[in-house]
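Visitor: give me the fold of what follows.
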Amino acid sequence: MTPLMETLYRYLVETKLDAFLLQYPEYPDYLRCAGEKEGQLRARLEPGEARLLDDLLGELRLGHATEREAVFHAALALSRELGELA
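Guide: Below you'll find the predicted structure:
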């Protein structure tokens, strides 16, 4: 991302994302359920397996962050295209 895009992205995440997530009342339930399941799984794992789980979750978080940035890029591109139509 360019520095400007990075600034816009961070601004949106820090100031607007929570308001948009409020439109999904089930979102906190997803987080709670995922946290509970992770805790249950961790309780059954050996230390080496827990490290593997940490690695897996880290990779999934990176993938999710990349997807969020890609959606931001797509929305920005769409905004530009719509602006050109006006």
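Visitor: alpha carbons only for contacts and neighbour counts from here, please
Guide: Will do.
Visitor: what is the burial count for the nearest residue to Tyr9 once chain neighbours are set aside?
Guide: Spatial nearest neighbour of Tyr9, chain neighbours left out: Phe72 (7.1 Å); criterion: CA to CA, 6 or more residues apart in numbering. Residues near Phe72, counting by other CA atoms under 10 Å, number 16.
Visitor: how far does the helix or strand hosting Phe72 sit from its chain's centre?
Guide: Element membership for Phe72, per DSSP states H and E: helix 47-85. Relative to its chain's centre, helix 47-85 lies at 6 Å (CA atoms, centre = their mean, to the nearest Å).
Visitor: give me the buried positions along it.
Guide: Across helix 47-85, burial judged by 16 or more other CA atoms under 10 Å covers 53, 69, 72.
Visitor: so how far is Ala65 from the nearest residue to the second one once chain neighbours are set aside?
Guide: For Glu69, ignoring the flanking residues on the chain, the nearest one in space by CA to CA, 6+ apart is Tyr9 at 7.7 Å. Relative to Ala65, Tyr9 is positioned 11 Å away (criterion: CA to CA, to the nearest Å).
Visitor: count of neighbours near Leu31?
Guide: 11.
Visitor: report the contact partners of it.
Guide: Going by CA atoms under 8 Å, 6 or more residues apart in numbering, Leu31 touches no other residue.
Visitor: which of the helices or strands spans it?
Guide: Element membership for Leu31 (DSSP H and E) is helix 27-44.
Visitor: what's the distance between that helix and the middle of its chain?
Guide: Distance, centroid of helix 27-44 to centroid of chain: 17 Å (CA atoms, centre = their mean).
Visitor: any buried residues in it, and which?
Guide: Arg42.
Visitor: let me see the mean pLDDT of stretch 77-86.
Guide: Averaging pLDDT along stretch 77-86 yields 91.
Visitor: in this structure the residue nearest to Tyr9 contacts Arg10, no?
Guide: No - applying CA atoms under 8 Å, one finds Phe72 not in contact with Arg10, separated by 10.5 Å.
Visitor: related to what we said a few turns ago, tell me what angle the helix holding Phe72 forms with helix 27-44.
Guide: Here the directions of helix 47-85 and helix 27-44 differ by 160 degrees (axes from the mean of the first three to the mean of the last three CA atoms, to 10 degrees).
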